[in-house]
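Undergrad: Sequence first, predicted model second:
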Amino acid sequence: MDYYLKCNRCNEKYGSSYAGQICGSCSGLLEVQYKKKVRPSLDAESFWDYEDQLPKSQYRHYLLGMTPLARAHGDGSLLMKMETLNPTHSFKDRGSAVELAKAAEYGFDEVVCASTGNMAYSISYYSKLYGLRSQVFISTNANKDKINDIKSVGDAQVHWVKGDFNKALAQAEDYSRKHKAFLTGDYCYRKEGQKTLAYEVMQQVHDLTHFIVPVGNATLISGVYKALRELKAANKIRKMPKIIGVQASGCMPLVRAFKLKKPVSYERPHTKADAIAVGLPTFGAQAMEAFKETGGYAVAVSDRELEDEKKRLYENYGIVAELGGVASLAAYRKAGIKESGRAVAVISGANV
Ligand SMILES: [Zn+2]
């Protein structure tokens, strides 16, 4: 659909020909704004049936999304959204398909990103499909096995960064300025792609009360919230489910901000769940708004609880997922959501 970009910080507007995702005036985050009211379909048969709800571009059609909703053992109150079945085994592919199409459309031949692992894997894969070179900046704290995955699907050049994700992000932004590479990652186009996860879930289940989402950079949770708002505004759903954000107790800036009723502030990550080890989530403020507007909240789970959940998922279902990927299941158990309705837990990634 036709759109423009608007800065979250200084409200400056940019037409769709603006080849960037950060405000040229204040470096604030841009947001995609559609020129007409978004009318999401709840009878899609493929990911690309959502093209009218995405920024207008020259998309190429790949096998993506429409992941199954698996019913957990028991009374049917818990459903698992199997994002591990996307091409690079995580939800990131939804955003990459949209974001890399824009990079190609603007005529870039190189993209750059910062990543905790899964983002780089997905961007490496989609860059190759779109004929783009990719540079990825990864913290030395990241899971080294993920590098093999990244190398196996594309030609990404990996730059190791001593420090955490936020340090890698600063270096990726610097690279994009110096080398005129398209900066990809947790920005506005990716968020639009992530919306499709919520469209699908709301098509798959009608009496949902809780939407449980793991939180790293908070792009997925803010995409889910945007999709739910669009569905509500178009009268496709009566009520938004509560949005529950899950972080590791060793890296829980949102949980802390939610408890203290304060703005989100940086916290140095100490967790083995590398996919959600982000000390200062880019879309943190939007996640806080999602909790407030849907009656949801933020939950922290320990690495031990994540390890147990990962083991249980494999033993009970034969499903492999990573620590960050099972965070939503651990939160479901810990927060006692079973008693209060019907929940979807996003199984976000399986790169172990
Ligand atoms: Zn601005």
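TA: Thanks, I have it.

Undergrad: okay but residue 166 is in contact with residue 265, surely?
TA: No: taking contacts as Cβ atoms under 8 Å, residue 166 lies outside contact range of residue 265: 12.0 Å. Every C-beta, even on glycine, is put in place using the N, C-alpha and C of the backbone.

Undergrad: Just the CA coordinates for the helix or strand where residue 316 lies, please, in PDB.
TA: Here residue 316 is covered by helix 303-317, with elements defined by DSSP states H and E. Extracted in PDB, the C-alpha atoms of helix 303-317 (Å, rounded to 0.1, in the frame of the first residue of the first chain):
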ATOM      1  CA  ASP A 303      18.100 -19.100  32.300                       C
ATOM      2  CA  ARG A 304      17.400 -22.200  34.300                       C
ATOM      3  CA  GLU A 305      13.700 -22.000  33.500                       C
ATOM      4  CA  LEU A 306      14.500 -21.500  29.900                       C
ATOM      5  CA  GLU A 307      16.800 -24.600  29.800                       C
ATOM      6  CA  ASP A 308      14.100 -26.700  31.500                       C
ATOM      7  CA  GLU A 309      11.500 -25.500  29.000                       C
ATOM      8  CA  LYS A 310      13.700 -26.200  26.000                       C
ATOM      9  CA  LYS A 311      14.300 -29.800  27.300                       C
ATOM     10  CA  ARG A 312      10.500 -30.200  27.900                       C
ATOM     11  CA  LEU A 313       9.600 -29.100  24.400                       C
ATOM     12  CA  TYR A 314      11.900 -31.600  22.900                       C
ATOM     13  CA  GLU A 315      10.900 -34.500  25.200                       C
ATOM     14  CA  ASN A 316       7.200 -33.800  24.900                       C
ATOM     15  CA  TYR A 317       6.900 -32.900  21.200                       C
END
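
Undergrad: Mind listing what's buried along that helix?
TA: 303, 305, 306, 308, 309, 310, 313 (16 or more other Cβ atoms under 10 Å).

Undergrad: What is the burial count for the residue of the stretch 101-250 of the chain found nearest the ion?
TA: Residue of the stretch 101-250 of the chain nearest the ion, by Cβ to the ion: residue 188 (12.4 Å). Close neighbours of residue 188, defined as other Cβ atoms under 10 Å, add up to 24.

Undergrad: give the contact list for it.
TA: Neighbouring residues of residue 188 by Cβ atoms under 8 Å, 6 or more residues apart in numbering: 5, 21, 29, 30, 31, 32.

Undergrad: Can I get those in TSV including pLDDT, distance to the ion and neighbour count?
TA: What follows is the contacts of residue 188, written out as TSV (pLDDT from 0 to 100; distance: Cβ to the ion, whole Å; neighbours: other Cβ atoms under 10 Å):
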residue	pLDDT	distance to the ion	neighbour count
5	98	10	22
21	94	12	25
29	94	9	21
30	97	8	24
31	97	11	20
32	98	15	21
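
Undergrad: In strands, which of those residues appear?
TA: Using DSSP state E, the subset of the contacts of residue 188 located in strands is 5, 30, 31, 32.

Undergrad: Can you tell me which of those lies closest to residue 184?
TA: residue 30 (13.6 Å; Cβ to Cβ).

Undergrad: Is the closest one in contact with residue 8, as I believe?
TA: Yes: taking Cβ under 8 Å as the definition, residue 30 is a contact partner of residue 8 at 7.2 Å.

Undergrad: Can you show me the helices along this protein?
TA: 92-105, 118-129, 145-153, 165-179, 188-204, 219-233, 253-260, 284-294, 303-317, 327-334 (DSSP state H).

Undergrad: Can you point out the buried residues in the fourth one?
TA: Burial within helix 165-179, assessed by neighbour count using 16+ other Cβ under 10 Å, is assigned to 165, 166, 167, 168, 169, 171, 172, 173, 175, 176.

Undergrad: just how off-centre is it within its chain?
TA: 20 Å (Cα atoms, centre = their mean, to the nearest Å).

Undergrad: same thing with the second one?
TA: Taking Cα atoms, centre = their mean, the mean C-alpha location of helix 118-129 is offset from the chain mean by 14 Å.

Undergrad: Spit out the contact partners of the residue nearest to residue 163 when sequence neighbours are not counted.
TA: Leaving aside its sequence neighbours, residue 163 sits nearest to residue 139 (Cβ to Cβ, 6 or more residues apart in numbering; 6.2 Å). By Cβ under 8 Å, 6+ apart, residue 139 lies in contact with 116, 160, 161, 163, 164, 165, 167, 168.
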